[in-house]
Structure formats: structure tokens, C-alpha cells
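# Need coordinates for the below:
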Amino acid sequence: MLITKSAKSFSFDVFVFTSDKDIYYNNENININASWELIYDPSHEISYFQVQVFDIFDNILWNSSEHHEIGYSEKNWTINIEFLNISFSNYTNTLFIKLYHFYKDQNGAGGSVNAFRGIIIVNVLKRNVMCQLIGLKSVLKYGDYNFFTAKFYSTDNNSYLVNETFLFEIISNKKILYQNNFTTNESGEISFNISTISHLNLGENTIIFNIRNNMIYKNATFSYEILVEKLAIFVEILRFDKNLENDHLITIKLYFYFFNQSIKPLKNQILKTIIYNDLSLEYEDEFKTNQSGYVDIEISPNNFRFKENEKKFYVDIVFNGTKYLENKTITLNFKIQNFLSQGVFNLFFTTNIFLFSILIILFTSICMKVNIRKRTKFKLIRDLTFKF
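Numbers count the residues shown, from 1 in each chain. Next up, the predicted model:
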């Protein structure tokens, strides 16, 4: 109560000053309700109520109009937080909503009064963000495509993030392979079709979604790993005999291929072929697939040296892979039975020929000597002299 020269006594009384809640998110409205009674003489006095919003630095962010009405007043205000120009250096901001009262006696008798007759403290938060991936594969083969969708929503009210911008990045070996900004649709979704050829590297890749400096939502980073593997090689055995006799050729026919959206033959690739037994390496050479992915391998056992009449061997056919194709080794085993190695056979054959030649020479020589002796004992009839 102030003593004035007014015929009417100046007075005021505040009945209600409240907000609808204490915690708000940045895309919400603050609803304020207030009621008071104000009595003064407007002929020589000025008095009014006003609502003002301050930040923690005592800066005025918003104020209502001045309410000079005499008598009982009830007012409601709706404040859109997005328009308050709040600086979110942190994820939480405290606002001070004050009911301001002004009084001034224009005759100067009662002076003037500026005071806050009520205060409400509220906190304004940024919303939390979550990401749900639909259709993302964590392991891909080189040459594959992966179509997937990222759905973003707030955990505070399960609402979708509509028309919000995210930075999408793909990183491999600490290098950015791809970077672009995408905006969510009405369902809070962003869809991608990434290629292992155009967007990813072989090995580990990290895809990242970032939302930064958003007035409604907290900064958030979502990262996921994608492994890109080399293409697997497959082999079909078309011809192979596990049991060989005598000097039969080791014959192997194979078909090499891989899948890249469809079946692709392994064209013109070198295959290292190694034959060994339990103790030693017997044979090593290289063969090559043709344009259709086939390879024909023929090896003569005469290249081997072994003692037993029956021996078990192993053959490794090795593809050492490429930048995008996996290594592949196929191991087969076979037996050679009743086989005399070519070296031993040649020695045996040569020895027999030599001995046989000597026998022929000896026989011829003996026959000639016998013939000569017989001829020396033989005389013609005219040379014979008969004695009586």
C-alpha cells in the first residue's frame, strides 16, 4: 500500500502466477496463467503488470504487453520457446519467468515502484535422439549393394525427427570415403543404397550419422560397422581318378567360379599345382584357367621317384587370390599301384638290350668259328687220292 494524493487508495494483490509445468523441451510452448487485482487513479498515477522472461545472465528474452486495467484481471500467455533465442551452450537452460509490477505517481508525492511480484523457474531441455537401422547388413561381399533405412526418433516422446538434417559419412582406414547431408522425411527416415564398389573399401568400414547444433535435439553420433569381404571362390571337380596303374596320366579337370550378382567364371588365372607324399615334394608346376573358368591338368607319373609298388600322393591346386577374390586351395589324393617308375624301367630295358646284344654277338661269333672249322676239314672230290 502506498500513500498518495489520489482520492482512491492505490492497492494491488496477486492471486495466481503459475506455469503448466517445470520442464520443457525446446520445441514446446510455455503456458502461463496469472490473476491479480490492481487499483489506482489513472488521472495522475501509472500502474501496470507485465510478464518477463530472463535467462541465467539476466537478459530479457521475452515480455508481455503492459496491463493497466483497474480491478480484477486474469491473463494467459503462450510462449513459443523456439523464438526465445536461447543459447544452448549446454543441453539444459534455466529460465526465470517474472511477474513485473510498475507504479508511478505523476505528481511526485508517492514516487515510483518497480518490483517483481512473482517468479517461476523452469528448465528447457534438448530432446534425446535415437536411431533405428532397418536392413543394414554388417557383412557384405565385394560387388554387393545394400539398401537400408535409418529411422530417427526422440526417446522423450517417441516422436519422429521430421525435416532434420544429418551428416552421413563412410570412413575406412581413417579416411573419409563418402560424405553428404541428408534430410529426414515425414516418417523420420533416410534411405541409402550403398555399393561395396563405389562407397566402401575392402575390410572394415564405419558408417556414421551426425546431428549437430540443432535447437531442438541434442548432438548425437551413431556409428555402425560394415565388413566388406573378398569374393569366395568355388570349385567343381569334373574329372579325377583316385587310383592309377602303370603309366597312366594323372588327369584332373576343374571348374573355378565365384558369385557376383550371378555366377562368374574365374578367367585366365594361374593355379599352382603341387604333388607330394608324406615325406617329400614330388612335383610342382603351374596351370591356367581358360576364358570359361576350366582347367585341364595332365601329369605323367614318370616324373616321380618312389620305391613302393603302391604309394599315396596328395595334390594341392592353389589359387592365390586377387585384390577382390579370396585365396582358394583344393586338396586331392590319389594312389599309384603296380607302377614301375620310368627311370627303373629305362634302366631295366637298357640293361636287357645290352645283354641281349652281347648274346647275339657271342652267338654270331661262335657260329662263325664253327663254320670255319667245318670248312677246313672238307675237301673236294678231285683233290682226294685213293690208295689201293
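
# and residue 13, what is it in contact with?
36, 37 (Cβ atoms under 8 Å, 6 or more residues apart in numbering). For glycine as for every other residue, the C-beta is placed from the backbone atoms N, C-alpha and C.

# what element comes up after the helix or strand harbouring it heading to the C-terminus?
Applying DSSP states H and E as the criterion places residue 13 in strand 11-19. Heading C-terminal from strand 11-19, the first helix or strand you meet, by DSSP H and E, is strand 23-25.

# Give me the mean pLDDT for that next one.
Confidence for strand 23-25, expressed as mean pLDDT, is 92.

# repeat for stretch 211-224
91.

# Mind listing residues that contact it?
Outside stretch 211-224, the residues touching it (Cβ under 8 Å, 6+ apart) are 25-27, 82, 88, 91, 126-129, 131, 133, 136, 138, 150, 152, 154, 161, 164-167, 206-210.

# related to what we said a few turns ago, output the strand holding residue 13 as CSV, nothing but the C-alphas.
Taking Å, rounded to 0.1, in the frame of the first residue of the first chain, the C-alpha atoms of strand 11-19 are listed here in CSV:
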residue,chain,number,x,y,z
SER,A,11,-3.6,-1.1,-4.0
PHE,A,12,-2.8,-4.4,-5.7
ASP,A,13,-3.0,-8.1,-4.9
VAL,A,14,-1.6,-11.1,-6.9
PHE,A,15,-3.7,-14.2,-6.7
VAL,A,16,-2.3,-16.7,-9.2
PHE,A,17,1.0,-16.9,-11.1
THR,A,18,1.9,-20.3,-12.4
SER,A,19,3.2,-22.3,-15.5
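
# Pull up the pairing partners for it, direction included.
The sheet places strand 11-19 alongside strand 29-39 (antiparallel), with pairing taken from DSSP bridges.

# Mind listing what's buried along the strand it pairs with?
Neighbour counts over strand 29-39 (16 or more other Cβ atoms under 10 Å) mark 30, 32, 34, 35, 36, 38, 39 as buried.

# Contact partners for the first one?
Okay, so that is residue 30. 19, 20, 24, 78, 79, 81, 95, 97, 122.

# again, but for the last one
By Cβ under 8 Å, 6+ apart, the contact set of residue 39 is 8, 9, 10, 11, 12, 70, 71.

# pLDDT averaged over stretch 123-140, what's the number?
Taken as a whole, stretch 123-140 has a mean pLDDT of 94.

# chain center to that stretch: distance?
17 Å (Cα atoms, centre = their mean, to the nearest Å).

# tell me how far the ends of it are from each other?
From its first residue to its last, stretch 123-140 covers 46 Å (Cα to Cα, to the nearest Å).

# Closest one to residue 283 out of the buried residues of strand 29-39, please.
Closest to residue 283 out of these is residue 30 (87.3 Å), distances taken as Cβ to Cβ.

# does the residue lying closest to the closest one once chain neighbours are set aside sit in a helix or strand, and which one?
Excluding its sequence neighbours, the residue lying closest to residue 30 (Cβ to Cβ, 6 or more residues apart in numbering) is residue 79, at 4.3 Å. Take DSSP H and E as the rule and residue 79 turns out to sit in strand 71-80.

# Which strands border that strand, and is each parallel or antiparallel?
strand 29-39 (antiparallel).

# Go over the secondary structure and confirm residue 360 is in a helix.
Yes. When DSSP: H, G, I helix; E, B strand; the rest coil is applied, residue 360 is found to be in a helix.

# Contacts only, for it.
Residue 360 neighbours (Cβ under 8 Å, 6+ apart): none.

# that older thread, any idea which helix or strand comes after the strand holding residue 79?
strand 92-105.

# circling back to that earlier point, possible to save the contacts of residue 30 as JSON lines with distance to residue 108?
Listed next are the contacts of residue 30 as JSON lines, based on distance: Cβ to Cβ, whole Å:
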{"residue": "19", "distance to residue 108": "37"}
{"residue": "20", "distance to residue 108": "42"}
{"residue": "24", "distance to residue 108": "43"}
{"residue": "78", "distance to residue 108": "39"}
{"residue": "79", "distance to residue 108": "36"}
{"residue": "81", "distance to residue 108": "41"}
{"residue": "95", "distance to residue 108": "36"}
{"residue": "97", "distance to residue 108": "32"}
{"residue": "122", "distance to residue 108": "39"}
